[in-house]
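1. Requesting a structural model of the entry that follows:
(3 chains)
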Amino acid sequence: MRIDCDIHPFVPNTRALFPHLPPHWRDTSEIRGIDDLHSVNYPDASPLTVRAEWRPAAGRPATTAALVGAQALDAFGSDIGILNCLYGVQTLYSDDLAAAYASALNDWVRAEFLDRDPRFRASIVVSLENIGMAVAEIERCAADPRFVQVLLLAGTSHPIGKRLYWPLFEAAVNHRLPVALHAGSELRNAPTALGWPSYYLEDYVANAQTFQYQLTSLFTEGVFNRFPELKVVMLESGWTWLPPLLWRIAKYWGGLRMEIPWADRSPAEIVRDQVRFSLTPTDGPADPDRLRRVLDHIGSDEVLLFSTDYPHAQFAGAEVFPAGIDEALRDRIAAANPLATYPRLAESLGGTA
Amino acid sequence: MQRPADIVDCDIHPAVRSMADLEPWLERRWIEHYKTYGALRQTHYVSGAPYHKSQPNASRRDAYPPEGGPQGSSPAFLSSHHLDANGITVGVLNPLVQSQGVRNLGHSAALCRAINHWQAEIWVAREPRLRASIVVPYEDPDVSADEIRHWAGDRRFVQVLLLSRSSSLPGNKRYWPIYQAAAEAGLPVGIHAFGNSGWPVSNVGWPSFYLEEMVGHAQTSQSGLVSLVLEGVFERWPTLKVVLVESGFTWAPSLLWRLDKAFDTLRSEVPHLKLRPSEYIRRNVWWTSQPMDEPENRRFLADMFDWLGWDRLLFSSDYPHWDFDDPTRVIMFPASEEQRQAFFAGNARAVYAL
Amino acid sequence: MASHVVAATAEFPPGTRRVIEIDGRAVVVFNVKGEYFALLDKCPHNGGSLAAGVVTGLLQSAEPGCYSYAREGEIIRCPWHGWEFDIKTGRSFCSVIRARARAFPVHIEPGQTIVEGPYRAETVPVRVEDDYVVVDA
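-> Numbering: from 1, shown residues only, chains lettered A, B, ... in the order given. Here you go, the predicted model:
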């Protein structure tokens, strides 16, 4: 069993979503020229956005179930793929427009992918511009068991642990949906804490900092104390940064416990219990022995989930695992860990997790 | 651990008793300006920090001078309480006195000049173990370059001091006059955590807690370092030395792996770079050690030293601040005599030409 | 192990602390609401002097946003890194802190017994009619 936890279907343009938009929003989109919502998080022609052999002669990659099934699942021997659509509906400023497009996107994924290939599962995309409407979208989609998680962009308006977001965590827990943060930003804030960089390369590298701020926020605000059943999944986050971040949080917690008296478990315990990371990209050393040391620092074989990050260009060839991850751990990462993370997926496969 | 014979402390914070300490070197107009308007920065409170510190002045409660005044404000007490007590042979001063990042650029420049005189005449002149940093009004890079040239060649000053939370990313071309002047003077540029950039302290907005601000310096410094490399600062000034002060360093191996990997994919965007990012960093960048992480298994830290290189790390205490590191408690894992000597003194003596 | 006289109870009121030197080690003694407790005056973290720290209460929380503040005057915060310890036991309240501040037994002895010995009271004049705080270390 191999479960790919991070696959990206691409929306060709807003017109593809029109069948799933209410007539008023469909006509508004026509009249006002809302042609495309593809975000600068992944510029179309950037070499990182699409691996060369998956780039079509014209248009966007990964737009059909047949293509994604063949390139992302068959080619890597995966049995199941979780679809995380990154179309930029989260950056719309109007509550209503954003909610309409998020719903249309979820319905598009259902109609174009889930209904066409039983190997697919999907994440529920929500806009955080209005938390009540995000919760309503979770409730609406959760009725379909093929939706297995809630998907947010890692770069939110406010640190994700803050209480304004808690209704979303509550809804997710109620439906046994992990909450995923994926690389990318709503761009309500600049890509770095020192403003807007000059290069896309800086934006992309800065995603790892975003995840670090967010994990710190989730810890300090007590999200994992309040929602002990919650799983947070960090997608396309990189994960070699994790141990030093946990050391630093623990160090300052020792002296600043008074700020967060609800914190009971150490950051490392919380991660082991409630936080997961997609495998790709492995931002690791060339030397596999050093990568083994990083895994020692992490100290848990439960936290990594198999992913190709298709069609993003993160590795060459067909071997997704970097050298330094041994066979037994590869098996865990490919199946046991995803099954333990996604209860709705496990159930649909006849498991009990 | 036994205390080494030679310890260079690369981060000591002298404080003013009050801003009146700077008046001997300020024009009357700036003295009056300060009394009337204060030193306005891109932050909200007249006094105190946006995120309240864990202790008064963010400093050790046992570091108040016996004659009164805030921690770090007495040269005599700093000498006995820190340099003598902890066996510091050379200490580098990094004043975090209100000056850098002051919005009125004329005021910022005047305060920086005064602070440099104050360091030279009140601190270094009386204590031969201390060295000063040239504090520059970095949001006015041309004036900053003038300030560097003013003190260049004065061996009391061993580096140029910037803060990590600048208004633009530090590699941005607008700051290049600073690097030009530092390179001409042969002085390292120390970038110390903190400052008020005007941006939220994280790229996901304002967090709730001081704990997050403190942890977040590590992430913000990552963005700063990436900017210096990708903008080509080290391509333009191959001999420029940058020291990241109090930013943490254990994040660096992972960042370098990530940066190289992304660079390999996206290098067509940055054709001005001739080397991989990690090669510039390996050549041009150093880190101070405090606050040293404390993983339960301290040998994990030895991996970080090995991966970054024992020649890259400089001991610092951060005296008198509350998260002070004691030199006898930072290397709590096996290390060779040669490695210890490099870390506690040799690297700093080379970087700062002491 | 020997018994060391710290001070007469009358001169060591609640809310105060005293440091005594025992065999070259500093020990800090606290009067917490009339009861006396002693800790090695060296934070188990990096060795900061606990005597220079601030005494506080114990802040706890059942869930985020709820604060219960109890045991005021019973917790010492190290003046360096702010680690908190229970004055009565030396225990920490943060799960990443496994180290404890070393505690010593303290009791009250009448001056009469002290004069009879064997107590060390080199620096404290002892009068038979008073009671004294004594640390066993």
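2. Can you give me the end-to-end span of stretch C:1-17?
-> Taking CA to CA, to the nearest Å, the first and last residues of stretch C:1-17 lie 22 Å apart.
3. what's in contact with it?
-> Stretch C:1-17 has contacts (CB atoms under 8 Å, 6 or more residues apart in numbering or on different chains) with C:18, C:20, C:22, C:27-34, C:36, C:38, C:51, C:55, C:73, C:106, C:108-109, C:111, C:114, C:118-121, C:124, C:126-127, C:130-137. (Glycine included, C-beta is placed from N, CA and C.)
4. Tell me which residues touch residue B:309, please.
-> Residue B:309 sits next to residue B:282 when contact means CB under 8 Å, 6+ apart.
5. Over to the one 5 residues further on?
-> Neighbour list for residue B:314: B:8, B:10, B:243, B:286, B:287, B:288, B:289, B:343, B:347, B:348, B:351 [criterion: CB under 8 Å, 6+ apart].
6. of all the residues in chain B, which ones are close to chain C?
-> Taking CB under 8 Å from any CB of the partner chain as the criterion, chain B approaches chain C at residues B:54, B:55, B:60, B:61, B:62, B:322, B:323, B:324, B:325, B:326, B:329.
7. where exactly do the strands run in the chain?
-> Going with chain A. For chain A, the strands defined by DSSP state E cover A:3-7, A:80-83, A:120-125, A:147-155, A:179-185, A:232-235, A:275-278, A:304-305.
8. meant chain C, my bad for not saying
-> Going by DSSP E, chain C shows strands at C:3-8, C:17-22, C:25-32, C:35-40, C:54-60, C:68-77, C:84-86, C:103-104, C:106-110, C:119-120, C:131-136.
9. of all these, which lies closest to residue B:159?
-> Closest approach to residue B:159 among these is made by strand C:68-77 (34.2 Å; CB to CB).
10. Give me the sheet partners of that closest one and which way each runs.
-> With DSSP bridges as the test, strand C:68-77 is paired with strand C:54-60 (antiparallel), strand C:84-86 (antiparallel).
11. what about residue A:27, how many neighbours?
-> A count of nearby residues for residue A:27, using other CB atoms under 10 Å in any protein chain shown, gives 12.
12. which residues sit in contact with it?
-> Shown in contact with residue A:27 (CB under 8 Å, 6+ apart): no residues.
13. quick one, strands of chain B?
-> Secondary structure of chain B (DSSP E): strands located at B:8-12, B:90-93, B:98-101, B:130-135, B:157-163, B:189-192, B:242-245, B:285-288, B:313-314.
14. Give me the buried entries from the residues of chain B next to chain C.
-> Among those, those classed as buried by neighbour count (16 or more other CB atoms under 10 Å in any protein chain shown) are B:54, B:55, B:60, B:61, B:62, B:322, B:323, B:324, B:325, B:326.
15. Of the residues you listed, which belong to helices?
-> Within these, no residue falls in helices by DSSP state H.
16. and those as JSON lines, adding pLDDT and distance to residue B:105?
-> Formatted as JSON lines, those follow (pLDDT from 0 to 100; distance: CB to CB, whole Å):
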{"residue": "B:54", "pLDDT": "91", "distance to residue B:105": "32"}
{"residue": "B:55", "pLDDT": "91", "distance to residue B:105": "32"}
{"residue": "B:60", "pLDDT": "96", "distance to residue B:105": "34"}
{"residue": "B:61", "pLDDT": "95", "distance to residue B:105": "36"}
{"residue": "B:62", "pLDDT": "95", "distance to residue B:105": "38"}
{"residue": "B:322", "pLDDT": "95", "distance to residue B:105": "32"}
{"residue": "B:323", "pLDDT": "94", "distance to residue B:105": "31"}
{"residue": "B:324", "pLDDT": "96", "distance to residue B:105": "33"}
{"residue": "B:325", "pLDDT": "96", "distance to residue B:105": "35"}
{"residue": "B:326", "pLDDT": "96", "distance to residue B:105": "39"}
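17. out of those, which one sits closest to residue B:310?
-> Of all those, residue B:310 sits closest to residue B:325, with 17.3 Å by CB to CB.
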